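S.K.: just the structure for this:
(3 chains)
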Amino acid sequence: MYRDNPLKKISWRGFQKLTPKEKGPYFLRDRRPYHVLTAQQFDRSMLERICDLTTKIRMIGKTKGGIHFLQDLLSEKRAMLYFVQPSTRTFLSFYAACQMVGIEPAEVRDTTTSSEVKGESPEDTVRTFSSYFDMIIMRHPVGGFAERIAWLLSNSNRPVPVLNAGSGKDQHPTQALLDIYTLQRSFENRGGIEGKKIAFVGDLARGRTVRSLATVLLLYPGVKQYFVGPKELQIGEDIVGVLEKAGTEFEICEDFEPVIPEIDAIYMTRIQDEWDTSHESRLMDTSRYHFTARHLKMLKADAVILHPLPRRKEIAVEVDSDPRAVYWRQVRNGMWVRAALMLTVFDRDGEIDRYHEDLVS
Amino acid sequence: MYRDNPLKKISWRGFQKLTPKEKGPYFLRDRRPYHVLTAQQFDRSMLERICDLTTKIRMIGKTKGGIHFLQDLLSEKRAMLYFVQPSTRTFLSFYAACQMVGIEPAEVRDTTTSSEVKGESPEDTVRTFSSYFDMIIMRHPVGGFAERIAWLLSNSNRPVPVLNAGSGKDQHPTQALLDIYTLQRSFENRGGIEGKKIAFVGDLARGRTVRSLATVLLLYPGVKQYFVGPKELQIGEDIVGVLEKAGTEFEICEDFEPVIPEIDAIYMTRIQDEWDTSHESRLMDTSRYHFTARHLKMLKADAVILHPLPRRKEIAVEVDSDPRAVYWRQVRNGMWVRAALMLTVFDRDGEIDRYHEDLVS
Amino acid sequence: MYRDNPLKKISWRGFQKLTPKEKGPYFLRDRRPYHVLTAQQFDRSMLERICDLTTKIRMIGKTKGGIHFLQDLLSEKRAMLYFVQPSTRTFLSFYAACQMVGIEPAEVRDTTTSSEVKGESPEDTVRTFSSYFDMIIMRHPVGGFAERIAWLLSNSNRPVPVLNAGSGKDQHPTQALLDIYTLQRSFENRGGIEGKKIAFVGDLARGRTVRSLATVLLLYPGVKQYFVGPKELQIGEDIVGVLEKAGTEFEICEDFEPVIPEIDAIYMTRIQDEWDTSHESRLMDTSRYHFTARHLKMLKADAVILHPLPRRKEIAVEVDSDPRAVYWRQVRNGMWVRAALMLTVFDRDGEIDRYHEDLVS
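M.R.: Numbers count the residues shown, from 1 in each chain, chains lettered A, B, ... in the order given. Predicted coordinates:
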């Protein structure tokens, strides 16, 4: 299908020395996204393209005929969803996206049923999947493992695309894409994401979501970012460095309420105490970073509230019915964005354009 | 698709005060079953309609062309099977029914893989499913949880039908439907269920199956019910109250053998010691309530033996090959009844009528 | 579909007294494979037929049109994959094979979710599966259980084919078939398997793979077999007896390296210490039976290296890129062989011949 295979032209050792930005081009084939491994691999035009495709897919999916059209597009493909870490939301989102574009999914979610008990290497395990399936979607606790697999398969007789559904503490690229899409869709009648004020609230130190999105937002000029949280859970120095180097405007603050009236989008996050080593989060009063019904009055009429979910108490349930609460829509956007990605990876996105054109003409 | 949405017009608090019978109309949309949550929500005409559809689907499914026709009917839909309690039979029956009518299934069966470990509320978990799927089929240990979800989704931007695959100790409505269908099919040349004598045997206190079916049978005039079991496991006072109020004929008895020659249908049940709090069942001699090869001679030539399965020793394996043993057929009926329900819920049952008409004409 | 049903004409007791060879004809219907239960049930012409079909399917599957043709063939069927023992490779291979020929798969892999916790007999559990599905693919720790089920279902109202995906310590017939196919394909320009020298290396005592394949190879005249391993893990006396009785040439040896230059195919195996009762394997030096990059030079230019996988250290990763290493191809062959079997079982293999003929003409 594709001619060039850049990951075949570099040694694993050489590849590992690259920065995330430098690795990007190696994930392409014929200048199109093939492996989806990091948030940094996307440039602005790729993001625009994926958002455009996602909206078209969303429109097409509104009719039974459109759903059948989508289901035919990749009906010759089968995908392996390999989820070593627990995940319901991301797993199901990818699973439903596969079904939507006709890819037949299979899954391995529980490491105890796997050959690993027989002493197989993780690389061999995934190479087996590539023997049976045409795409591998994986979530893995080891940072960089998905990249390792993409490199390995590219250097085998059966290269198949690898989609990273979350790896290590840093990368969850499809979450960043669905966040971008949700923001873009929320602001589509207000000039898009550029120039907007966006606040991240809560646990900014440990969430790979915030870390990814903060970086991707640098592609949108004029965005001002706010990082609102307790000192102990503030955004990492590495990200601060990246923002400073990019010369973007940002603020780090401990008080939540003063920020609310200023911003266009608020991105709430969950205190991730599953990463706690000594239950440090429990000793903190994080209720100051909860968004309650009371805060709705402070928020601009056209601002939006996002959350990657699952939530605990960061957002009161009463907020759900406010039209500015877009986090449930955000969940659903994730499915469409992933469907758009799969069509892109297999070079079938052109058919979306054609069908959509017929639809609107 | 549907115009009215009665669950949107009542508060959760108000809804909870209703009796099962009063709740029924709230599960309809445009006077048709939409949510399937309780055995009490069905009136006689709905039961007749579902039995009629089930028989037609069974006929249509006998040819390859018919199977393909069925597979096309809901091929634009995807369903979530959310089973928090262990279940193989009911799960697979729903799963196979989905496949039969073209619905693509996805499943969450193990709570440890779910977001609940991250502190998400059960309501949020299921609302996520509704973001990706067009129907939710759920088994949950908490009584009333499926109703709660149906209400919640009806009041969200994405209402989807909820099918109760067993909740708490009381409700398992699709089991009651398949039992009714099995009885109706067994008696189709003998005037149907009305006027028949039906005995429930074994653990009548704890089985939601018997409790549901006993109530539903009130819709069939002239049925006489027998409750045969040890005192400790006799049918609940609440059900006795319902039967008395309805003025139906029934008998409560401890001796099994004298009943056998009298009845038209015998509904055997399993001693459910998984509900035991202090292994009380083990101290009882329940072998008196086993149906063995010896009993076949006492049974009327045209009587039938049902069992919701799984069985232990309540029915000897040698009984299986007797034509009056219909419990394996009952299992298979469950799949067809569930397919009929799904087509009803999505308002595609009319196409079954049309295809069947062409078939027999 | 089929007229005769030989398993209905013999009692379970009578059946059990038969040798594996004598049992073979009982697994046929209309002289074609119906149940796939043992390696011994296949005669030479059946093996040739399955290899021929597999190659044709492989060719057909290279185009999108061909994939769609395959997906239509059994699109009216649903299969249950019942895997009580852990397995990733075999499970996924069957799963992908189902998807390839259009069979919709369902799975039960974890006994704790099953009705067995409610005290159901294993026979009833599988009979339930046969109520919902058109084929049962099963892996079970109890030797002969798959045969028991095939007999039981053949004597029920709903006989469905049973495919054995590994049972007990002895039978894994589809692995033997895929091994034969891999050998046949490797030697297709060198006169086929007949007359070739084939060495089994490693743990020959406990692997059902080697035991099966050694027996099946007796159908190919002139094959010389080598059994290379430590005394403690040498091939069983029963297999030696079978080979002697058949009058085939074979050698039992402890030294690996002298054998390498002589043979045409080398079948590496894993030390299966999951069967260990007292960690006896750990006390052995098995590194003498590892195939490393160094050995590549000793190997004939047209020899091939097989491994049923998963591997540990028996084959160094560097060997993978040598063209004589065919074990990854062997994995993929497994999927095609299983697809060929399913088409054979449901009597749709003729359509493969016709499509292939159009393709090459």
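S.K.: which ones are touching residue A:331?
M.R.: Residue A:331 is in contact with A:89, A:93, A:309, B:128, B:131, B:132, counting by Cβ atoms under 8 Å, 6 or more residues apart in numbering or on different chains. Where you see a C-beta, it was placed from the backbone N, CA and C, and this is true even at glycine.
S.K.: tell me the one of those nearest chain C?
M.R.: residue B:132 (19.6 Å; Cβ to the nearest Cβ).
S.K.: tell me if I'm right that the closest one and residue A:92 touch.
M.R.: Yes. Contact criterion Cβ atoms under 8 Å: residue B:132 and residue A:92 qualify, at 5.3 Å.
S.K.: where do the contact lists of those two overlap?
M.R.: Taking Cβ under 8 Å, 6+ apart as the contact criterion, the common neighbours of residue B:132 and residue A:92 are B:80, B:106.
S.K.: for residue A:79, give me its contacts.
M.R.: With Cβ under 8 Å, 6+ apart as the criterion, the residues that contact residue A:79 are A:98, A:103, A:104, A:105, A:106, A:133, A:134, A:135, A:136, A:137, A:342.
S.K.: sorry, that was for residue A:4
M.R.: Residue A:4 neighbours (Cβ under 8 Å, 6+ apart): A:29, A:30.
S.K.: how close does it sit to residue A:35?
M.R.: Separation of residue A:4 from residue A:35 (Cβ to Cβ, to the nearest Å): 13 Å.
S.K.: same question, residue A:51
M.R.: Distance check for residue A:51 against residue A:35: by Cβ to Cβ, it reads 20 Å.
S.K.: just residue A:164 next, same as before
M.R.: Residue A:164 is 8 Å from residue A:35, where distance means Cβ to Cβ.
S.K.: quick one: the helices in the stretch 101-250 of chain A, in order.
M.R.: Along the stretch 101-250 of chain A, the segments classed as helices by DSSP state H, counting those that start in this stretch run A:122-132, A:145-154, A:173-186, A:208-216, A:237-246.
S.K.: on that earlier part again, what about residue A:51 and residue A:35, which has more around it?
M.R.: The neighbour count for residue A:51 versus residue A:35, taken as other Cβ atoms under 10 Å in any protein chain shown, is higher for residue A:35 (27 against 23).
S.K.: the more buried one contacts residue A:160, correct?
M.R.: No. With contact taken as Cβ under 8 Å, residue A:35 and residue A:160 are classed as non-touching, separated by 9.5 Å.
S.K.: in chain A, which residue sits closest to chain C?
M.R.: Counting by Cβ to the nearest Cβ, chain A gets nearest chain C through residue A:120, at 3.6 Å.
S.K.: neighbours of that residue, how many?
M.R.: Number of residues near residue A:120 (other Cβ under 10 Å) recorded here: 20.
S.K.: do the same with residue A:81
M.R.: Counted by other Cβ under 10 Å, the residues lying close to residue A:81 total 25.
S.K.: ok now the host helix or strand of it, how far from the chain's centre?
M.R.: Residue A:81 is part of strand A:78-83, with elements assigned from DSSP states H and E. Remark: strand A:78-83 is offset 17 Å from the chain centroid, using Cα atoms, centre = their mean, to the nearest Å.
S.K.: and that strand, which strands flank it?
M.R.: With DSSP bridges as the criterion, the sheet partners recorded for strand A:78-83 are strand A:104-108 (parallel), strand A:135-140 (parallel).
S.K.: for those, state which one has the densest average packing.
M.R.: The densest packing among these, expressed as mean neighbour count by mean count of other Cβ atoms under 10 Å in any protein chain shown, is seen in strand A:135-140 with a mean of 24.
S.K.: what sits up against that one?
M.R.: Applying Cβ under 8 Å, 6+ apart, the set of residues contacting strand A:135-140 from outside is A:77-85, A:87, A:90-91, A:94, A:103, A:126, A:129-130, A:145-146, A:149, A:153, A:160-168, A:342, A:345-346.
S.K.: please apply the same query to stretch A:296-307.
M.R.: Identification of contacts with stretch A:296-307 by Cβ under 8 Å, 6+ apart yields A:179, A:182-183, A:186, A:190, A:257, A:260-261, A:263-270, A:291, A:314-315, A:319, A:322, A:324-327, A:330.
S.K.: is stretch A:145-164 in proximity to chain C?
M.R.: Yes. For stretch A:145-164, a contact with chain C is found by Cβ under 8 Å from any Cβ of the partner chain, at A:156, A:157, A:158.
S.K.: least confident of those residues?
M.R.: Lowest model confidence among these falls on residue A:157, which carries 88.
S.K.: what about it, distance to chain B?
M.R.: Plainly put, residue A:157 is 32 Å away from chain B if you go by Cβ to the nearest Cβ, to the nearest Å.
S.K.: that residue contacts residue C:328, doesn't it?
M.R.: Yes. Counting by Cβ under 8 Å, residue A:157 does reach residue C:328; the two are 6.9 Å apart.
S.K.: and the two? Which one has more around it.
M.R.: Set side by side, residue A:157 and residue C:328 show unequal neighbour counts under other Cβ under 10 Å, the larger going to residue C:328 at 19 against 13.
S.K.: now do the contacts for that one.
M.R.: Here residue C:328 is in contact with A:127, A:131, A:156, A:157, A:158, C:320 (Cβ under 8 Å, 6+ apart).
S.K.: residue A:8 versus the fourth one, what's the distance?
M.R.: It stands for residue A:157. Residue A:157 sits 12 Å away from residue A:8 when distances are taken as Cβ to Cβ.
S.K.: now do the same contact list for the closest residue to residue A:306 other than its chain neighbours.
M.R.: Beyond its immediate neighbours in the sequence, the residue positioned closest to residue A:306 (Cβ to Cβ, 6 or more residues apart in numbering or on different chains) is residue A:267, lying 4.8 Å away. Listed by Cβ under 8 Å, 6+ apart, the contact partners of residue A:267 are A:179, A:198, A:199, A:200, A:201, A:210, A:213, A:306, A:307.
S.K.: the first one - how many residues pack around it?
M.R.: Translated: residue A:179. In terms of burial, residue A:179 registers 27 neighbours under the definition other Cβ under 10 Å.
S.K.: does whichever residue of the stretch 251-361 of chain A sits closest to chain B belong to a helix, a strand or coil?
M.R.: Minimum separation of the stretch 251-361 of chain A from chain B (Cβ to the nearest Cβ) falls at residue A:310, amounting to 3.6 Å. Under DSSP: H, G, I helix; E, B strand; the rest coil, the three-state class of residue A:310 is coil.
S.K.: please report how far the closest residue to it other than its chain neighbours lies from residue A:314.
M.R.: When the adjacent residues along the chain are set aside, residue A:310 lies closest to residue B:120, with 3.6 Å between them (Cβ to Cβ, 6+ apart). The spacing between residue B:120 and residue A:314, counted by Cβ to Cβ, is 11 Å.
S.K.: what's the answer for residue A:131, then?
M.R.: Using Cβ to Cβ, we find residue A:131 at a distance of 43 Å from residue A:314.
S.K.: how about residue A:177?
M.R.: 22 Å.
S.K.: those two: who's more crowded?
M.R.: With other Cβ under 10 Å as the criterion, residue A:177 and residue A:314 differ in neighbour count, and residue A:177 comes out ahead with 27 against 22.
S.K.: thinking that one is in contact with residue A:47, fair?
M.R.: Yes. Because the distance of 7.4 Å satisfies Cβ under 8 Å, residue A:177 is recorded as touching residue A:47.
S.K.: contacting residues around the spatially most central residue of chain A?
M.R.: Computing the C-alpha centroid of chain A and ranking residues by Cα atoms, centre = their mean puts residue A:175 first, at 1.7 Å. For residue A:175, the residues meeting the contact criterion (Cβ under 8 Å, 6+ apart) are A:90, A:166, A:208, A:209, A:212, A:213, A:308, A:334.
S.K.: can you pull the contacts of the residue nearest to residue A:66 when sequence neighbours are not counted?
M.R.: Nearest in space to residue A:66, with sequence neighbours left out and distances taken as Cβ to Cβ, 6+ apart, is residue A:60 at 3.9 Å. For residue A:60, the set of contacting residues under the criterion of Cβ under 8 Å, 6+ apart consists of A:66, A:67, A:69, A:70, A:352, A:355, A:356, A:359.
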